[in-house]
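1. the amino acid sequence is not available; the structure is as follows:
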């Protein structure tokens with residue numbers, strides 16, 4: 001497990017017109033998941049300790065975002081035989097176990113992770129209602145222990161988006177396990 005940080009991505013680029021499969025093998029277009037006010041795309045997985053620590057917050061925050069008109073999807077780029085804990089069947093189990101009520105999609109070729117320049121799990125991208133990147137940063141200032149969080153960052157960024165304000169600065173990179181690249 002190599003610790004890496006997300007890289008800077010300029011705000012304003014468009015949500016790629018890509019599709020992935022859900023755990024039932026159904027194709028899901030990211031653009032079709034857009035909420036009235038935006039979409040949060042979270043690259044994540046099941047085995048990374050950083051992702052595991054953030055999952056409960058991601059699930060709760062997704063509910064808050066949905067009430068704001070911002071939908072959430074999770075994308076797992078670590079679909080590899082040598083990481084069975086991240087396989088599609090394991091994803092289906094986690095949807096039930098963790099109560100994930102938004103699409104959790106498999107990026108089996110890693111083409112979507114590459115299109116986003118995603119680097120780690122978790123890696124978060126929030127798009128506005130027009131599909132333009134507004135926020136690429138961490139969920140809060142302490143990944144490891146939610147009780148030690150002193151600064152929420154994702155939800156205030158969403159509030160700024162809804163208020164029509166400029167994106168918050170700085171946008172701190174997320175840290176997590178490196179994506180398990182196929183090549």
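-> Nice, thanks for sending it over. No experiment lies behind these values; they were computed from the predicted model shown. Residues are numbered from 1 along each chain as shown.

2. tell me what the longest helix belonging to the chain is packed against?
-> In the chain, with assignment by DSSP state H, the single longest helix is helix 49-68. Under the contact criterion of 3 or more Cβ pairs under 8 Å, 6 or more residues apart in numbering; DSSP states H and E, helix 49-68 touches strand 38-43, strand 70-76, helix 88-98, strand 120-121, helix 154-162, strand 175-178. (Each C-beta comes from the backbone N, C-alpha and C, glycine too.)

3. dump the ones you listed to JSON lines, plus mean neighbour count, mean pLDDT and distance to residue 138.
-> Shown next, in JSON lines, are those (neighbours: other Cβ atoms under 10 Å; pLDDT from 0 to 100; distance: least, Cβ to Cβ, whole Å):
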{"stretch": "strand 38-43", "mean neighbour count": "25", "mean pLDDT": "98", "distance to residue 138": "11"}
{"stretch": "strand 70-76", "mean neighbour count": "24", "mean pLDDT": "98", "distance to residue 138": "15"}
{"stretch": "helix 88-98", "mean neighbour count": "15", "mean pLDDT": "96", "distance to residue 138": "20"}
{"stretch": "strand 120-121", "mean neighbour count": "28", "mean pLDDT": "94", "distance to residue 138": "11"}
{"stretch": "helix 154-162", "mean neighbour count": "18", "mean pLDDT": "97", "distance to residue 138": "7"}
{"stretch": "strand 175-178", "mean neighbour count": "20", "mean pLDDT": "92", "distance to residue 138": "8"}
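
4. minimum distance to residue 56: which of those has it?
-> Closest to residue 56 of the helices and strands packed on helix 49-68 is helix 88-98 (Cβ to Cβ; 7.5 Å).

5. what lies in contact with that closest one?
-> Contact with helix 88-98 is made by 23, 24, 46, 55, 56, 59, 76, 79, 84, 100, 104, 106, as judged by Cβ atoms under 8 Å, 6 or more residues apart in numbering.

6. scan the residues you listed and report the most crowded one.
-> Most neighbours among the contacts of helix 88-98, by other Cβ atoms under 10 Å: residue 76, with 29 neighbours.

7. separation between the residue lying closest to residue 138 once chain neighbours are set aside and residue 109?
-> Closest residue to residue 138 apart from its sequence neighbours, by Cβ to Cβ, 6 or more residues apart in numbering: residue 174 at 4.5 Å. Using Cβ to Cβ, to the nearest Å, one gets 23 Å for the distance from residue 174 to residue 109.
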